[in-house]
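K.L.:
this one's structure only:
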């Protein structure tokens, strides 16, 4: 399976850090040039410049997968710490869950709801995701999912992780999303925060330029947003009822540090 790391031209030090991580566990990768946000990004609503650039960079990775014709692609951001188990896992896509579309490899300090049943691997397992789980720093995506997401996120207006790793979002509706437990990667600044130390590199999204404000919404746009809002409320209630019936497990996903 091909592995790409998203990296800005102006951040060679972050690429160097990722290269050390990859070499430590024997993971081969290709660099994918991250997208610098253009000034005329108002169509993406109230997202910051960094959030727009991050989303466009991941869309570039999806296009890369579609054009390659490969069935899978592993995508990492350049600030992750990797568990050694990730190398063997990515080398054996034949063991992935049947009809899987997205496999989230990342730990994030949010509670997530997962299915209790899992596909076991050496030291971790994959569970179906049943609620939103932030973070987009490490995942595996299928070609089918890449095609669908490129079609459904052209006019994105929310951060990538809020869209892609929320099973209730319209963009991923019908896709099978799994979570690795324990996770196989974590953003370095989160790991540093746990240890009470300073991160190696500051977040580029947190330090992006001022908020990009959209033009005033038309009456038609306001009506469309209201319809979508009501639709999400209904979907949320249906999902809550479903979770009450199905056995679920809620947890903060740990990182597989060993």
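P.N.:
Received the coordinates, thanks. If you're wondering where the values come from, they're calculated on a predicted model, not measured in any experiment.

K.L.:
CA atoms for contacts and neighbours, from now on please.
P.N.:
OK.

K.L.:
what's near enough to touch the residue nearest to residue 97 when sequence neighbours are not counted?
P.N.:
Nearest residue to residue 97 in three dimensions, chain neighbours excluded: residue 119, at 7.0 Å (Cα to Cα, 6 or more residues apart in numbering). Going by Cα atoms under 8 Å, 6 or more residues apart in numbering, residue 119 touches 97, 125, 126, 127.

K.L.:
Can you name the two of those that sit furthest apart?
P.N.:
Pairwise distances across the contacts of residue 119 (Cα to Cα) peak at 10.6 Å, for the pair 97 and 125.

K.L.:
next one: stretch 137-149 to chain centre, how far?
P.N.:
9 Å (Cα atoms, centre = their mean, to the nearest Å).

K.L.:
Please apply the same query to stretch 159-166.
P.N.:
7 Å.

K.L.:
And the helices in the stretch 101-250 of the chain?
P.N.:
Using DSSP state H, counting those that start in this stretch, the helices assigned to the stretch 101-250 of the chain run over residues 143-152, 160-164, 188-195, 219-245.

K.L.:
ok, and for the third one, which residues are buried?
P.N.:
Neighbour counts using 16 or more other Cα atoms under 10 Å place 188, 189, 190, 191 of helix 188-195 among the buried residues.

K.L.:
How about the shortest one?
P.N.:
The neighbour-count check on helix 160-164 (16+ other Cα under 10 Å) flags 160, 161, 163, 164 as buried.

K.L.:
Nearest to residue 172 among those residues?
P.N.:
Closest to residue 172, out of all of these and judged by Cα to Cα, is residue 164, at 6.2 Å.

K.L.:
which residues does the closest residue to the closest one other than its chain neighbours contact?
P.N.:
For residue 164, ignoring the flanking residues on the chain, the nearest one in space by Cα to Cα, 6+ apart is residue 172 at 6.2 Å. If you count contacts by Cα under 8 Å, 6+ apart, residue 172 has them with 148, 149, 163, 164, 165, 166.

K.L.:
The fourth one contacts residue 171, doesn't it?
P.N.:
Yes. Between residue 164 and residue 171 a contact is recorded at 7.0 Å, counting by Cα atoms under 8 Å.

K.L.:
unless I'm mixing things up, residue 100 is touching residue 179, no?
P.N.:
No. Using Cα under 8 Å, residue 100 is not in contact with residue 179, being 10.8 Å away.

K.L.:
Among these two, which residue is more densely surrounded?
P.N.:
Between residue 100 and residue 179, counted using other Cα atoms under 10 Å, residue 179 has the larger neighbour count: 28 against 17.

K.L.:
Dig out what that one forms beta bridges with.
P.N.:
residue 104, residue 127 (DSSP bridges).

K.L.:
My read is that it contacts residue 104, right?
P.N.:
Yes. Residue 179 lies in contact with residue 104 (Cα under 8 Å); the separation is 4.8 Å.

K.L.:
what's the weakest-modelled helix or strand in the protein?
P.N.:
helix 219-245 (a mean of 62; mean pLDDT, DSSP states H and E).

K.L.:
buried ones in stretch 250-258?
P.N.:
Applying 16+ other Cα under 10 Å to stretch 250-258 flags 253, 254, 255, 256 as buried.

K.L.:
confidence score at the closest residue to the third one other than its chain neighbours?
P.N.:
Nearest in space to residue 255, with sequence neighbours left out and distances taken as Cα to Cα, 6+ apart, is residue 183 at 4.7 Å. The model reports residue 183 with a pLDDT of 98.

K.L.:
Please determine how far residue 183 is located from residue 86.
P.N.:
Distance of residue 183 to residue 86, given as Cα to Cα, to the nearest Å: 9 Å.
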